[in-house]
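[1] have a look; sequence and predicted model below, questions after that.
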Amino acid sequence: MDRLNSKLYLQNCYIMKENEKLRKKAQLLNQENQVLLSELKQRISRPNNGQKGNGGGTNGLPDLNLCSSSSPNGK
């Protein structure tokens, strides 16, 4: 029983370590996504140099804020 308990404890430690790595990677990807979203919004808000027929007031692009609902703390 102690051997099984030790094995499960080690597996749990490994899983927690991997989970922390994935959480940090997700935070970095979210930060990168926010930077790219900000750059895209800046490009969209610039004048279009006389281009017409782009499908609406938002340059025909969907609202990307709908996709950025994840929080940086992983909740």
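    Yep, it's here.
[2] now do the helices in this protein.
    2-45 (DSSP state H).
[3] how close does Pro47 get to Lys24?
    40 Å (CB to CB, to the nearest Å). C-beta here means a position set from N, CA and C on the backbone, and glycine is covered the same way.
[4] contacting residues for Leu10?
    Residues near Leu10 by CB atoms under 8 Å, 6 or more residues apart in numbering: none.
[5] next one, pLDDT for it please.
    pLDDT recorded at Leu10 is 97.
[6] how much space separates Lys25 from Ser38?
    Remark: distance between Lys25 and Ser38 (CB to CB) = 21 Å.
[7] also Arg3?
    Arg3 is 53 Å from Ser38, by CB to CB.
[8] from Ser45, how far off is Lys21?
    Here the distance between Lys21 and Ser45 works out to 37 Å (CB to CB).
[9] over to Met16?
    43 Å.
[10] which regions of the protein lie under the pLDDT threshold?
    Counting by pLDDT under 70, the ranges of the chain that qualify are 48-75.
[11] follow-up on the earlier one: settle it for me: which of Arg3 and Ser38 has more neighbours?
    Ser38 (10 against 7; other CB atoms under 10 Å).
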